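# Kindly return the folded structure for what I paste below:
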Amino acid sequence: MKIKAKDKTYTFEWPIVIVRWMDSASLNNGWAFVKSIPCFKPHEVTSIGFLFKDDPDYVVIIPHISEIGVQSQDRQVDGSMSIPKSQILWIKHIK
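From the prediction side, this is the model:
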């Protein structure tokens, strides 16, 4: 993927994606009586990042990558997340 910003073009070896997925939820912190536990549903989450790995069972996205101009193995990343495909509602590639 190539992105032009100001007077420079940046090349990324991974596509940028939006992932909509279902996440588990927890509303209590610590021990609680059963009768005090509220009924609640998992919630939908939207994550955006570079699609680092697309495995048959999961995807790995990375929202933050440093040093775009250097070789990929020399870069640092932060915030990487593995999402099981069974939890994914949809994935959209950003062009």
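# how about the residue at the greatest distance from the centre of the chain, secondary structure?
Most distant residue from the mean C-alpha position of the chain: Lys35, 35.2 Å away (Cα atoms, centre = their mean). Assigned with DSSP: H, G, I helix; E, B strand; the rest coil, Lys35 falls in the helix class.
# pLDDT at it, what is it?
Here, the pLDDT recorded for Lys35 equals 85.
# Can you tell me the strand partners of the helix or strand encompassing Phe52 and which way each runs?
Phe52 belongs to strand 43-54 when assigned by DSSP states H and E. Here strand 43-54 is paired, per DSSP bridges, with strand 16-23 (antiparallel), strand 58-62 (antiparallel).
# For the last one, list every residue counted as buried.
Residues of strand 58-62 classed as buried by neighbour count (16 or more other Cβ atoms under 10 Å): Val59, Val60, Ile61, Ile62. For glycine as for every other residue, the C-beta is placed from the backbone atoms N, C-alpha and C.
# Poorly predicted segments of the chain, please.
Within the chain, the stretches with pLDDT under 70 are 28, 68-72.
# related to what we said a few turns ago, using CSV, lay out the buried residues of strand 58-62 together with distance to Val17.
Output for the buried residues of strand 58-62, formatted as CSV (distance: Cβ to Cβ, whole Å):
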residue, distance to Val17
Val59, 8
Val60, 11
Ile61, 6
Ile62, 11
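# nearest residue to Asp57 other than its sequence neighbours?
Lys85 (5.8 Å; Cβ to Cβ, 6 or more residues apart in numbering).
# So the one you found versus Ala5, what's the distance?
Distance, Lys85 to Ala5, by Cβ to Cβ, to the nearest Å: 32 Å.
# Between these two, tell me which one has more neighbours.
Using other Cβ atoms under 10 Å, the more surrounded residue of Lys85 and Ala5 is Lys85, with 13 against 7.
# That one and Asp55: what is the separation?
For Lys85 relative to Asp55 (Cβ to Cβ), the value is 8 Å.
# Please apply the same query to Phe12.
Taken as Cβ to Cβ, the span from Phe12 to Asp55 is 20 Å.
# Which of these two has more residues huddled nearby?
A count of neighbours by other Cβ under 10 Å puts Phe12 above the other of Phe12 and Asp55, at 13 against 10.
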